[in-house]
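Participant: need coordinates for the below:
(one chain, ligands or ions: 2)
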Amino acid sequence: MSLRLAITGATGRMPQQVVAIAEERGHEVLPVSRVSERIDGFDAYPANNLAAVLADQRPDGLVDFTAPEGSVDYAAACAEAGVPAVVGTTGFSDEQFESLRRASERTPVLHAPNFSRGVAVLTDLTERATRMLPDHDVELTETHHREKRDAPSGTANALLDAIEGARDPERHGAHADGERVHGREGVAPRRDGDVGVHARRAGDIRGEHEVLFAGDDETLTLTHRAGSRRVFAAGALDAAEWLVGRDAGWYDFAEVLE
Ligand SMILES: NC(=O)C1=CN([C@@H]2O[C@H](COP(=O)(O)OP(=O)(O)OC[C@H]3O[C@@H](n4cnc5c(N)ncnc54)[C@H](OP(=O)(O)O)[C@@H]3O)[C@@H](O)[C@H]2O)C=CC1
Ligand SMILES: O=C(O)C1=N[C@H](C(=O)O)C[C@H](O)C1
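Facilitator: Numbering: from 1, shown residues only. Ligands and ions are numbered 1, 2, ... in the order given. Reported below is the predicted structural model:
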């Protein structure tokens with residue numbers, strides 16, 4: 001299947017990977033950027049007039065890895081033009097996320113904080129371990145490159161949601177009421193059920209997520225490491241290929257992998 005795909009944030013790290021893999025797969029790419037000069041030998045379409053670009057060019061879909069404020073505007077333009085949107089951006093406020101969801105009332109929108117298949121498995125295993133180890137303490141650590149803006153990562157937040165969702169108040173007892181504790185400093189004893197969250201930023205690390213389950217006599221560590229951004233870009237394009245032709249609505253990456 002060959003698609004015409006608009007790709008926003010064309011100067012960015014993830015968008016450039018998406019462009020490269022889309023071209024490898026034989027898709028036609030319409031790069032969109034806030035920067036108007038030529039990029040790597042092709043002109044980008046202007047991001048500040050995306051609705052008009054979409055109306056004129058009629059792409060089959062749009063793939064967006066930018067920043068929350070950009071993604072909200074781009075999703076609104078997709079809703080106006082009826083263009084399906086795959087959004088990989090993280091770091092949304094609740095209000096921004098609500099805007100994204102509103103766009104899905106008019107066009108298909110698929111958002112995932114992580115398009116790696118390995119992280120989809122990590123999420124499943126984390127839910128399973130949470131259910132099977134109700135008395136273990138849980139701590140989550142994520143590590144990313146020095147340029148990353150948001151913390152904790154979108155993936156870490158999704159893993160925290162998965163842990164909290166898998167806790168059964170009857171089985172987990174006091175453990176079910178813990179809070180997310182972001183780092184610790186000073187006198188900071190662990191309270192039953194808290195989930196410690198640790199965000200490290202260093203070098204060009206592509207993305208690592210580790211969930212530690214620790215009991216009195218054993219520990220279990222589930223770790224995912226991304227070796228390159230290609231894995232995220234490939235997953236996002238799998239999602240775009242799956243999303244085109246669907247009804248307006250809100251979709252997630254797990255549905256693509258079913
Ligand atoms: N879901 C997933 O699997 C993954 C998600 N991500 C997320 O993707 C996003 C982008 O990451 P990354 O590629 O590293 O970031 P980059 O900063 O390298 O690229 C993002 C691009 O978005 C555009 N942009 C930046 N700020 C704005 C803004 N305020 N409004 C509109 N456009 C903007 C710029 O492109 P231009 O100026 O050309 O328009 C920029 O180059 C982040 O939120 C990151 O967390 C990252 C990896 C995997
Ligand atoms: O900014 C990144 O690089 C990444 N962001 C995503 C996140 O916030 O979870 C996914 C991946 O870990 C890389």
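Participant: which regions of the stretch 1-150 of the chain lie under the pLDDT threshold?
Facilitator: Applying pLDDT under 70 to the stretch 1-150 of the chain flags residues 36-42.
Participant: swap the cut-off to 90 and go again
Facilitator: Applying pLDDT under 90 to the stretch 1-150 of the chain flags the ranges 1, 35-43.
Participant: for it, what lies in contact range of ligand 1?
Facilitator: Contact residues (Cβ under 6 Å from any ligand atom) of the stretch 1-150 of the chain with ligand 1: 9-15, 33-35, 47, 65-67, 69-70, 88-91, 112-115, 150. All C-beta spots, glycine's among them, are computed from the backbone N, C-alpha and C.
Participant: just the buried ones from those?
Facilitator: The neighbour count (16 or more other Cβ atoms under 10 Å) marks 9-10, 12, 14-15, 33, 47, 65-67, 70, 88-91, 112-115, 150 as buried among those.
Participant: helices - which of the residues of the stretch 1-150 of the chain next to ligand 1 land there?
Facilitator: Judged by DSSP state H, those include 13-15, 69-70 as members of helices.
Participant: nearest to Pro59, of those residues?
Facilitator: Using Cβ to Cβ, Pro15 comes nearest to Pro59 of those, at 14.4 Å.
Participant: what sits against that closest one?
Facilitator: Pro15 makes contacts with 7-9, 31, 63, 65-66, as judged by Cβ atoms under 8 Å, 6 or more residues apart in numbering.
Participant: and the helices in the stretch 51-200 of the chain?
Facilitator: 68-81, 94-103, 117-132, 154-166, 169-172 (DSSP state H, counting those that start in this stretch).
Participant: who wins for proximity to ligand 2 among the ones you listed?
Facilitator: Smallest distance to ligand 2 across those (Cβ to the nearest ligand atom): 3.3 Å, for helix 154-166.
Participant: tell me the domain ranges of this structure?
Facilitator: In terms of domains, the chain is parsed into 4-115+229-257, 117-225 (source: automatic domain parsing).
Participant: ramachandran coordinates for Ala67?
Facilitator: The phi/psi pair for Ala67 (degrees, to the nearest 10) reads phi -150, psi 150.
Participant: and it, how far from Gln17?
Facilitator: Going from Ala67 to Gln17 by Cβ to Cβ, to the nearest Å gives 17 Å.
Participant: next: Arg190.
Facilitator: Distance, Arg190 to Gln17, using Cβ to Cβ: 39 Å.
Participant: centre-most residue in the protein?
Facilitator: When the chain is reduced to its mean C-alpha position, the nearest residue by Cα atoms, centre = their mean turns out to be Pro113, at 1.2 Å.
Participant: quick check: that residue touching Gly91?
Facilitator: No. With contact defined as Cβ atoms under 8 Å, Pro113 does not reach Gly91; the gap is 9.2 Å.
Participant: which residues do those two both contact?
Facilitator: Gly154.
Participant: any part of stretch 156-167 near ligand 1?
Facilitator: No. Stretch 156-167 does not reach ligand 1 (Cβ under 6 Å from any ligand atom); its nearest approach is 9.8 Å.
Participant: doesn't Val87 make contact with His111?
Facilitator: Yes. At 4.5 Å, His111 counts as touching Val87 under the criterion of Cβ under 8 Å.
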